[in-house]
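Visitor: Have a look; sequence and predicted model below, questions after that.
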Amino acid sequence: MRPASAAPATLPVVRAAAAFVAAALVLATCAIPPPTPGAVASPSGASPTVAPGATSSPSPATAGLPALVTWERRAPRSLLVAHGPGDPATVALPESANGPPASAPDGRLAFATGGLGGGVVHVGSLANGLAALGWTSVEIPGGMIGPEEALRWVCLGPAGRLAAQTDGGGLLVVEPDGSVRAFERHVGVPRPGGCAWLDGRHLLYAVEGRAGPALAVADVDSDVASVHERGGDAPTASADGTRVAYVRREGARGLVLVGGPPSGDPAAPGAMPPPDLRLSMPLGDADRPVLSPDGSLLGVLFRGEGRRPLALAVYALANGRAEPQTWLDVTGADDAAIAWLAGVP
């Protein structure tokens, strides 16, 4: 790994009493108006479909407080973090991000950069707060990314391990010492859109199944993978791998399905268990679900016309229900996602 040369700006730092901050991360090339928090309608039944709507003021998330984070691609590239009114904290970014940032319970934050045929993964630590956020960079060796592919997604695992995925579905594993290797024992055509660690060695990602999108589980230590039908795209998992969420398209709309992980040996073929929760939005397309580390909260991006970001919503998950916590308007952003920032002072 090589340290990245980016000095953080000295601006106010967001304060949070909770252990995790639900951070709405917006990739932007234009000015973003302050988000207007809203609430969403409560679901009913064991397998609800949740429809956001402005009904009342949001309540704080049980595992953290929502904070709007803006990623500026143009100079000066910066990370802005704000909670409520007031000046945001600003941290300089070493490069322009290619895709959504990823976070880990140990306080790491990461994103991918680079053009076609190459890429760099930048990893920062929040151990000393946003004002002291420094970046370490891992450059992907030549030839490991296709000439027409770019690095887009980063999946942070335990003990310093991470995975990265290209927009062509290529999957790379980066070890804590900075060594990089490609995972090539796929059991289907990989679908781009991100991945998630179920534990320290099993990686969940989307592939083409027999009847549509499925989820594959790769054992990155033994280079064995298996397909689990009835899955979807953009998978996410809790830190202990006991809760999984993913996007399933029904017609022209994306729904977020939440349930348990593959049953039995995750590297043995089978099917995903039936979901116990479904989330959608009448006027938007659900995308990029992100579970909090303990699995109690779910962040979702809703897209509007032309796949433009519309809103970021945070739900508390309990007893087969999704209770709305916060809905942030991100209309006008180039792109948006949610991450869980651990230990932000």
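Guide: Looks like it came in fine.
Visitor: Residue 316 contacts residue 326, correct?
Guide: No: between residue 316 and residue 326 there is no contact under Cβ atoms under 8 Å: 10.2 Å. In short, each C-beta sits where N, CA and C put it, glycine included.
Visitor: more crowded one of the two?
Guide: A direct count of neighbours by other Cβ atoms under 10 Å for residue 316 and residue 326 places residue 326 higher, at 25 against 18.
Visitor: Next secondary structure after the host helix or strand of that one?
Guide: Here residue 326 sits within strand 321-329, counting by DSSP states H and E. Downstream of strand 321-329, the next assigned helix or strand under DSSP H and E is strand 335-342.
Visitor: how close does the residue nearest to residue 117 when sequence neighbours are not counted get to residue 100?
Guide: Of all residues not flanking residue 117 in the chain, residue 147 sits nearest, at 4.5 Å (Cβ to Cβ, 6 or more residues apart in numbering). From residue 147 across to residue 100, the span is 24 Å (Cβ to Cβ, to the nearest Å).
Visitor: If you count surrounding residues, which of those two has more?
Guide: Just comparing residue 147 and residue 100: by other Cβ under 10 Å the higher neighbour count belongs to residue 100, 24 against 8.
Visitor: What does the pLDDT read for that one?
Guide: Turning to residue 100, the model gives it a pLDDT of 83.
Visitor: quick one: contacts for it?
Guide: With contacts defined as Cβ atoms under 8 Å, 6 or more residues apart in numbering, the neighbours of residue 100 are 25, 27, 111, 153, 194, 288, 335-337, 339.
Visitor: quick check, it in a helix?
Guide: No: the assignment for residue 100, made by DSSP: H, G, I helix; E, B strand; the rest coil, is coil rather than a helix.
Visitor: What number of residues are in the vicinity of residue 287?
Guide: 20.
Visitor: Excluding chain neighbours, give the residue nearest to it in space.
Guide: Leaving out its chain neighbours, the residue that sits closest to residue 287 by Cβ to Cβ, 6+ apart is residue 301, at 4.9 Å.
Visitor: what about the strands in the stretch 51-200 of the chain?
Guide: If DSSP state E, counting those that start in this stretch is used as the criterion, the strands of the stretch 51-200 of the chain fall at 66-72, 78-82, 89-92, 102-103, 108-113, 120-125, 135-139, 151-156, 162-166, 171-174, 180-183, 190-197.
Visitor: mind checking which helix or strand of this structure has the lowest mean pLDDT?
Guide: Sorted by mean pLDDT, DSSP states H and E, the helices and strands of the chain end with strand 49-50, the least confident at a mean of 36.
Visitor: low pLDDT regions in the stretch 101-250 of the chain?
Guide: Using pLDDT under 70 as the threshold, the predicted model of the stretch 101-250 of the chain has low-confidence ranges 130-131, 185-186.
Visitor: now the residue nearest to residue 104 when sequence neighbours are not counted, which residues is it bridged with?
Guide: Once flanking residues are discounted, residue 104 sits nearest to residue 156: 3.8 Å by Cβ to Cβ, 6+ apart. Beta-bridge partners of residue 156, counted by DSSP bridges, are residue 162.
Visitor: Check residue 216 too.
Guide: Each beta-bridge partner of residue 216 is listed here, defined by DSSP bridges: residue 205, residue 227.
Visitor: now swap in residue 317 and tell me
Guide: Listed beta-bridge partners, residue 317: residue 322 (assigned using DSSP bridges).
Visitor: Let me see the contact set for it.
Guide: The contact partners of residue 317, by Cβ under 8 Å, 6+ apart, come to 243, 258, 277, 295-298, 323.
Visitor: Those residues into TSV, with extra columns for secondary structure?
Guide: Conversion of these to TSV gives the following (three-state DSSP):
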residue	secondary structure
243	coil
258	strand
277	strand
295	coil
296	coil
297	strand
298	strand
323	strand
